[in-house]
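Asks: Let's see this in three dimensions:
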Amino acid sequence: MYMIRFLLLFPIMFFSLVIGCRSEKNNVQSQNNLSLHDTEHLALVKVGQKWGFIDRTGKIVIPPRFVDAWSFSDGLALVRIGYRLGYVDKAGKMVIPLRFSEARSFYKGLARVKIDSLWGYIDKTGNMVIPARFDDADDFVGRLARVEIGNLWGFIDKTGKQVIPPRFDSARSFYEGLSRVQLDKKVGFIDSTGSFRVEPRFDDAYSFSEGLACVQVGYRWGYIDTNGEMVIDPFFDEADFFSEGLANVEIGSMWGYIDKMGTLVIYPQFDMAQPFFEGYAPAKIGNHWCYIDRKGTVVSCGFDEAETLSTGIGLVKTGVKWGFFDRSGKTVISPQFDDAGSFNSDLAPIKMANAWGYINKTGAIVIPPQFDNACTFSE
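Replies: Okay, the predicted model is just below:
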């Protein structure tokens with residue numbers, strides 16, 4: 001059965017619904033409550049065929065001149081002019097020249113860039129601090145980043161030193177101190193020295209969350225602890241990660257929720273279910289999505305689509321219109337928009353009559369629809 005599965009990146013990743021709005025961290029946003037006059041947080045907007053940036057008053061602070069652009073991260077934004085990529089600061093100054101054919105946004109002081117056919121890392125001055133010698137590379141999570149050489153994966157530190165030599169068929173970033181790796185078609189977990197904490201014996205697995213990892217044995221799913229002990233027997237047809245002490249699991253064709261003892265605390269009764277965030281989870285009954293609380297009580301229902309809550313508010317769709325649900329258990333902004341994105345810095349992008357603008361959490365339009373596309377505010 002198809003399941004919307006969330007990538008295990010923490011802090012929790014929020015996914016924008018705005019087509020064309022891209023952030024290399026999958027729209028991971030800081031969720032500060034800021035005054036309306038704050039101009040440090042900027043949003044990516046499209047005017048005609050070019051992208052630029054506005055502040056929270058709607059003022060254009062970086063004129064639309066980019067063929068492509070990504071949200072600000074670490075104080076810099078990745079932009080494209082012609083066929084080359086570079087980085088601008090919040091004044092719009094090109095601080096790292098347009099010289100890359102492929103690149104990614106900055107994260108924790110470093111950005112991945114492609115030179116010829118290989119990946120390396122630059123710092124915020126544009127200096128190549130880790131030479132381009134990898135077939136693929138990821139951001140640093142903690143002190144390590146996963147990299148590919150040939151068809152094998154390993155890990156480097158921020159000096160570029162191979163801390164864990166490439167020897168795995170696949171590897172994921174470290175979460176809760178362990179990395180999920182695959183070797184000879186079996187999956188296990190290593191620690192930051194490269195030693196196996198859990199020997200590769202599973203058919204599949206997901207990264208650790210709240211001390212437990214979901215693992216596949218044959219056609220069933222269960223959960224192990226960080227020592228590799230099977231603490232919840234593989235009983236489920238499908239399973240997801242733990243969030244707020246509960247995990248959504250499938251038994252037969254229905255979804256419910258278990259606690260960390262493996263006890264069913266919400267009986268399988270949903271056609272689909274997603275993890276809990278901020279006390280609520282989207283769950284599907286028949287053709288409609290609902291929000292349930294931790295007791296399994298349906299608090300609001302009747303949506304064609306429903307997103308997990310972010311800073312207390314979740315996107316919902318009824319028919320062809322989008323609105324917003326909050327943790328009070330009600331739809332606080334009725335579905336009335338042609339498209340919408342997540343709230344950040346107390347504002348959310350919305351589309352009306354083929355133009356994008358922004359609303360506040362009461363639903364009031366604070367930046368009138370005027371853009372050809374608009375993204376969630378970042379930083």
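Asks: What is the end-to-end distance of stretch 176-184?
Replies: 24 Å (CA to CA, to the nearest Å).
Asks: Any chance you could list what contacts it?
Replies: Under the criterion CB atoms under 8 Å, 6 or more residues apart in numbering, residues 146, 153, 155, 167-173, 187-192, 197-198, 200, 205-209, 211, 213, 226 lie in contact with stretch 176-184. C-beta coordinates here come from the backbone N, C-alpha and C atoms, glycine included.
Asks: Now restrict the residues you listed to buried residues only.
Replies: By neighbour count, with 16 or more other CB atoms under 10 Å, the contacts of stretch 176-184 hold 146, 153, 155, 168, 171-173, 187-190, 192, 197-198, 200, 205-209, 213, 226 as buried.
Asks: can you tell me how far Val67 sits from Phe140?
Replies: With distances defined as CB to CB, to the nearest Å, the gap from Val67 to Phe140 amounts to 28 Å.
Asks: Those two: which is more packed in?
Replies: More neighbours sit around Phe140 than around the other of Val67 and Phe140, counting by other CB atoms under 10 Å; the figures are 21 against 14.
Asks: I figured the more buried one hits Lys158, correct?
Replies: Yes - with contact defined as CB atoms under 8 Å, Phe140 counts as touching Lys158 (6.4 Å).
Asks: what is in contact with the two at once?
Replies: Overlap of the contact sets of Phe140 and Lys158 (by CB under 8 Å, 6+ apart) consists of Leu110.
Asks: Bridge partners for Gly86, pull those for me.
Replies: According to DSSP bridges, the residues that bridge with Gly86 are Val79.
Asks: List the buried residues of stretch 144-153.
Replies: Across stretch 144-153, burial judged by 16+ other CB under 10 Å covers 144-149, 152-153.
Asks: Nearest spatial neighbour of Lys108, chain-adjacent residues omitted?
Replies: With CB to CB, 6 or more residues apart in numbering as the criterion, Lys108 has its nearest non-adjacent residue at 5.8 Å, and that residue is Phe140.
Asks: Ile359 versus the one you found, what's the distance?
Replies: Phe140 sits 36 Å away from Ile359, going by CB to CB.
Asks: Which helix or strand in this structure has the lowest average pLDDT?
Replies: The helix or strand with the lowest mean pLDDT-type score in the chain, counting by mean pLDDT, DSSP states H and E, is strand 330-337 (a mean of 90).
Asks: of the buried residues of stretch 144-153, closest to Asp123?
Replies: Within the buried residues of stretch 144-153, proximity to Asp123 (CB to CB) peaks at Ala145, which comes in at 14.0 Å.
Asks: is it true that that closest one touches Ile156?
Replies: Yes - Ala145 sits in contact with Ile156 when judged by CB under 8 Å, with a separation of 5.7 Å.
Asks: The closest residue to Arg143 other than its chain neighbours: what's it in contact with?
Replies: Ranked by CB to CB, 6+ apart and with sequence neighbours excluded, the top spatial neighbour of Arg143 is Asp157, at 5.7 Å. With contact taken as CB under 8 Å, 6+ apart, Asp157 is in contact with 143-144, 163.
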